[in-house]
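Colleague: Predicted coordinates and the sequence they were generated for:
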Amino acid sequence: MELLIAFLVGGMTNLAVASKLEEGALLPYIKKVGKKRFFIPGLLVDFFIGGAAALAAFSFFEPVGYAKIVGTSVLAGFNGLTYLAKNALSKATDADPKTLDEGYQKIIGSSADKN
């Protein structure tokens, strides 16, 4: 039951965030702009991505109690892979969280400079 709650809350959160970014298509499709083609995931795929992120966060952190399950699922669904990657990295190492955040900002900054 807890896994189902986590999946649904994470999916609905990601759906709410993605619905403002997408064009409102339910199913995935390919959009052609000029000579380029772009994959538009659609709202259904966004729901499943948020649900999968919430399930992954649930397995990483094992929250106890419905309030913590909902809170973890909302954060995972809202932030998606960024949230999971930073927290998995902090659990995998004994480094200071401030040091991890500085390293993360360097990575993000260097990828933004390339674009």
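Modeller: Sure thing, it's come through.
Colleague: For the rest of this, base every contact and every neighbour count on C-alpha atoms.
Modeller: OK.
Colleague: can you give me the strands for the chain?
Modeller: 29-33, 36-40 (DSSP state E).
Colleague: helices or strands up against the first one?
Modeller: Using 3 or more CA pairs under 8 Å, 6 or more residues apart in numbering; DSSP states H and E as the contact criterion, the neighbours of strand 29-33 among helices and strands are strand 36-40.
Colleague: quick one on the thing from earlier: is it possible to get the strands of the chain out as a markdown table so that each row also shows distance to D46, mean pLDDT and mean neighbour count?
Modeller: Shown next, in a markdown table, are the strands of the chain (distance: least, CA to CA, whole Å; pLDDT from 0 to 100; neighbours: other CA atoms under 10 Å):
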| stretch | distance to D46 | mean pLDDT | mean neighbour count |
| --- | --- | --- | --- |
| strand 29-33 | 13 | 82 | 10 |
| strand 36-40 | 10 | 79 | 11 |
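Colleague: Reformat those strands as JSON lines; add distance to E2.
Modeller: Compiled in JSON lines, the strands of the chain are given as follows (distance: least, CA to CA, whole Å):
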{"stretch": "strand 29-33", "distance to E2": "32"}
{"stretch": "strand 36-40", "distance to E2": "31"}
